[in-house]
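S.K.: quick one: sequence plus predicted model below, questions after.
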Amino acid sequence: MTIVPPSPGEPRRPHGTRDPGDAWVVADDGTRYWGRFGAAGLLAVDPDRGVLLQHRVSWSHFGDTWGLPGGARHQDESASDAALRESAEEAGVPAGAVRPRLISVLDLEIWTYSTLVADVVTPFEPVISDPESRELAWVPVDAVTDYPLHPGFAASWPALRALLPVRPAVVVDAANVVGSVPDGWWRDRAGATGRLLERLGALAADGLSAERLGLPADVWFPEWRVVVEGLARAVEEPPAASGVAVVRAKGSGDDAIVAETARLIEAGRVVTVVTSDRELRARVEDLGAVCHGPSWLDGE
C-alpha cells in the first residue's frame, strides 16, 4: 500500500484548502481508494421521496455515475461525523435534518468506506455546493438500480437496501436498572434516573454494535425509550437531540413497559428490553422482544 497525494487538477475543499486525509491509498495491484484515513458517505432516507443520490461530474473518480454524497475522512474523525460533514459540503444537507440509524463498513484492511444510513426528520432540498456534483436527486428506492451507479455503491446497495426496513428500539426499565446499583438511589430516585438518562444519552450518541443487538451491519443507533414510574417520574426530559425519550408510567411501570414494547413492535421495530425482572421478561418476550439484564448496557 502507498499513499499518493492528489494531483493539482483534482477537487479541493472549500477555500482551496487541503486536509491530510485528501490523498489516494493505492493497493499493491494499483487500485486507488480516496481518503488516507478512509472515506464515508451519507445514505439519507426520506419516507416519501426515497434516497438522496449524487450525480458525479465526468472528471471525478468514476465520473458520470450516481452515488452517495461523501468523501475522505479527517484524521481522528468518526465515520458519522465525516458523512454528515461531507454531505453538508457536497449536497447542503442541513445540520439536524437527518437522524443516524446505522453504519455499514466496507473494510479492505488498507482502506475503509463507511456508509451512514440516516432518516430524514426535517425535509430539505439538496443544494449543489461544490464542483464534484453534477446533479442531486431524491430517487425512489425501487428505481435506484435504474441509474448508472458508482461501482462501490452498486456493490453495496443490495445489502443496504435489505437493511432499510430494520429499525431497532431499546426499552429500558429505569426502576430495575437504577435499582441494580447500590449508589443511594433510594434517597433521590429522580436524580438517579437523571444519571441513567445521561448514561443512555452517551450510548445513543456512540451507537451500539450490531453484535450486541443481534443485527447485521456494524453500528446501530436505536430509538431509546426509558420507562419511569413513581417518584422517578419527576426526572427532567432529556434533550430531543439526545435520542432518548422518557415514558412516564401513570400506574404500573411493568404495564407501561409492556404497552410501549407492543406499540413499537406493531410499528415494525426490532425491540430490545433491558430488565432483570423475570415476570416482565416473560411478558415482553411473548410479544417478540429480546431481553437483557442491566449489565447489557455496559457491554457485558
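M.R.: Received, thanks.

S.K.: what backbone torsions are found at residue 134?
M.R.: Main-chain dihedrals, residue 134, degrees, to the nearest 10: phi -90, psi -30.

S.K.: could you report the separation of it from residue 124?
M.R.: 20 Å (CB to CB, to the nearest Å). Any C-beta I mention is one placed from the backbone N, CA and C, and that applies to glycine too.

S.K.: which strands or helices does the helix or strand hosting residue 259 pack on?
M.R.: Element membership for residue 259, per DSSP states H and E: helix 253-266. Other helices and strands packing on helix 253-266, by 3 or more CB pairs under 8 Å, 6 or more residues apart in numbering; DSSP states H and E, are strand 167-173, strand 223-228, strand 269-274, helix 278-287.

S.K.: given the helix or strand following the longest one, what are its sheet partners and their directions?
M.R.: With elements assigned by DSSP H and E, the helix or strand that comes after helix 278-287 is strand 290-292. When sheet partners are counted by DSSP bridges, strand 290-292 sits next to strand 269-274 (parallel).

S.K.: quick check: angle from the strand it pairs with to strand 167-173?
M.R.: Strand 269-274 runs at 30 degrees relative to strand 167-173, counting by axes from the mean of the first three to the mean of the last three CA atoms, to 10 degrees.

S.K.: and the angle for strand 269-274 with helix 253-266?
M.R.: 160 degrees.

S.K.: any idea of the mean pLDDT in strand 269-274?
M.R.: For strand 269-274, the mean pLDDT works out to 98.

S.K.: mind listing what's buried in it?
M.R.: 269, 270, 271, 272, 273, 274 (16 or more other CB atoms under 10 Å).

S.K.: just stretch 206-225 next, same as before
M.R.: For stretch 206-225, by 16+ other CB under 10 Å, it's 207-208, 210, 213, 215, 217-225.

S.K.: which pair in these spans the largest distance?
M.R.: 218 and 225 (23.4 Å; CB to CB).

S.K.: for the closest residue to residue 167 other than its chain neighbours, what are its contacts?
M.R.: Among residues not flanking residue 167 along the chain, residue 269 sits closest, at 5.2 Å (CB to CB, 6 or more residues apart in numbering). By CB atoms under 8 Å, 6 or more residues apart in numbering, the residues touching residue 269 are 167, 168, 169, 223.

S.K.: again with residue 210
M.R.: 216, 217, 218, 219, 220.

S.K.: so the nearest residue to residue 144 once chain neighbours are set aside: helix, strand or coil?
M.R.: Leaving aside its sequence neighbours, residue 144 sits nearest to residue 157 (CB to CB, 6+ apart; 6.2 Å). Following DSSP: H, G, I helix; E, B strand; the rest coil, we place residue 157 in the helix state.
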